[in-house]
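# Following is a predicted model, sequence given first.
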Amino acid sequence: MFNFRYRHNKTNAALLIGGALFLGACGGNGGAESDLSGSIEIDGSSTVYPITEAVAEEFRAEAPDVRVTVGVSGTGGGFQKFSRGTIDIVNASREINPAEASQAEGNGISYVELPVAYDGLTVVVHPENDWAKDITVEELKKIWEPAAQGTIKTWNQIRPEWPDRPLRLYGPGVESGTYDYFTEAVVGKSHSSRGDYTASEDDNVLVQGVSTDPNALGFFGYAYYEENKGKLKAIPVDDGDDSNGAGAILPSIETVKDGSYAPLSRPLFIYVSSNIAENPAGVEFVNFYLDNAAALSEEVGYIPLPAKLYEEQKEKFGEFAGSAAPSEAAAQQ
């Protein structure tokens, strides 16, 4: 059972608590037709990017006349573009916030939220780090909270038995949904952290930083760790809940699946604009996405939803697209 003990927003808790994870591929080819044409603009989260780009690559092979572009400007940057109506789909590693939703509404943009996979935020160090064998959520808070800026500078300030070596931090930029999720789960307040760390919206930059700095600590999505685990070391995280006796837990498909990797397990989303309903290629792409997200999310290092939830997302999108599409009479006016 998925049983995340922390969620960014409890509105979707019923949706995101599922039964056993089904790891097989969902659906076939999504029915993409070779005579489709047009363009689909996607931007947003670097965490969700690998899934969406994998889907886009497969879709391009079936519908070569459809131009699908996938950018990376962070979840916040993606929502800014989405709320202005300049892109069709936003990749999001958190839910849309009230200000973004209000801006979209003010610009006449309706949308549907579609969970597509699960992720476990991964805390990493350099492979030569032989002292940080685990870390608690409280210690992560001590490192990352605003009060740590200019104060918490060495490893032995976290645990006395750790060495008196400089602590250099790498993490997502403030436009990142990963940053928002981590700060709320660990610090206790979204968008609240120290500012004296190496920040980037590009997770590959963070991987490069930690993998070349023996004194580094960083965090990013599980897929980027999986892709680079030969040059990184993940640290098990202890959420401080003594009732389960689990202690520190490493992120993995199994520990994210069963909810024991807390509080850094989370859902990943795409948000689809009503503009898609007027674009046959866009409608086909979203259905193709949901048909293939299970296999492709697993292929790039994430954890698929249970098969039933993908079916529910297809139904949800079908109802949305049907209600958002212009009527035949309106189209003729």
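That came through, no problem.
# what's the first-to-last distance across stretch 302-311?
For stretch 302-311, the first-to-last residue distance is 19 Å (Cα to Cα, to the nearest Å).
# in that stretch, what counts as buried?
Within stretch 302-311, the residues that count as buried by 16 or more other Cβ atoms under 10 Å are Tyr302, Ile303, Pro304, Leu305, Pro306, Ala307, Leu309, Tyr310. The way it works is simple: take the backbone N, C-alpha and C, and place the C-beta from them, glycine included.
# Look up phi and psi at the residue lying closest to the first one once chain neighbours are set aside.
Using Cβ to Cβ, 6 or more residues apart in numbering and skipping residues adjacent in sequence, the residue nearest Tyr302 is Ala117, 4.3 Å away. Ala117 adopts backbone torsions of phi -170, psi 180, taken as degrees, to the nearest 10.
# residues contacting Ala117?
Val48, Ile51, Pro267, Leu268, Ala293, Ser297, Tyr302, Ile303, Pro304, Leu305 (Cβ atoms under 8 Å, 6 or more residues apart in numbering).
# In strands, which of these fall?
Residues from these lying in strands, with DSSP state E as the criterion: Pro267, Leu268.
# Let me know whether Asn279 touches Ile89 as I believe.
No: counting by Cβ atoms under 8 Å, Asn279 does not reach Ile89; the two are 10.8 Å apart.
# quick one: secondary structure of the residue nearest to Ser73 when sequence neighbours are not counted?
For Ser73, the nearest residue in space outside its immediate sequence neighbours is Asp43; the separation is 5.4 Å by Cβ to Cβ, 6+ apart. At Asp43 the chain is in strand, as set by DSSP: H, G, I helix; E, B strand; the rest coil.
# How about Gly108?
Assignment for Gly108 (three-state DSSP): coil.
# Report the rounded mean pLDDT for the helix or strand where Gly282 lies.
Element membership for Gly282, per DSSP states H and E: helix 280-299. Averaged over helix 280-299, pLDDT sits at 96.
# which other helices and strands contact it?
strand 38-44, helix 49-62, strand 66-70, strand 111-120, strand 265-273, helix 307-324 (3 or more Cβ pairs under 8 Å, 6 or more residues apart in numbering; DSSP states H and E).
# Who are the packing partners of the helix or strand just after the third one?
Counting by DSSP H and E, the next helix or strand C-terminal to strand 66-70 is helix 74-84. Helices and strands touching helix 74-84, by 3+ Cβ pairs under 8 Å, 6+ apart, are strand 38-44, strand 89-92, helix 98-106, helix 177-182, strand 265-273.
# picking up where we left off before, need the winner for burial among the helices and strands packed on helix 280-299.
Compared across the helices and strands packed on helix 280-299, strand 265-273 shows the largest average neighbour count, a mean of 26 (mean count of other Cβ atoms under 10 Å).
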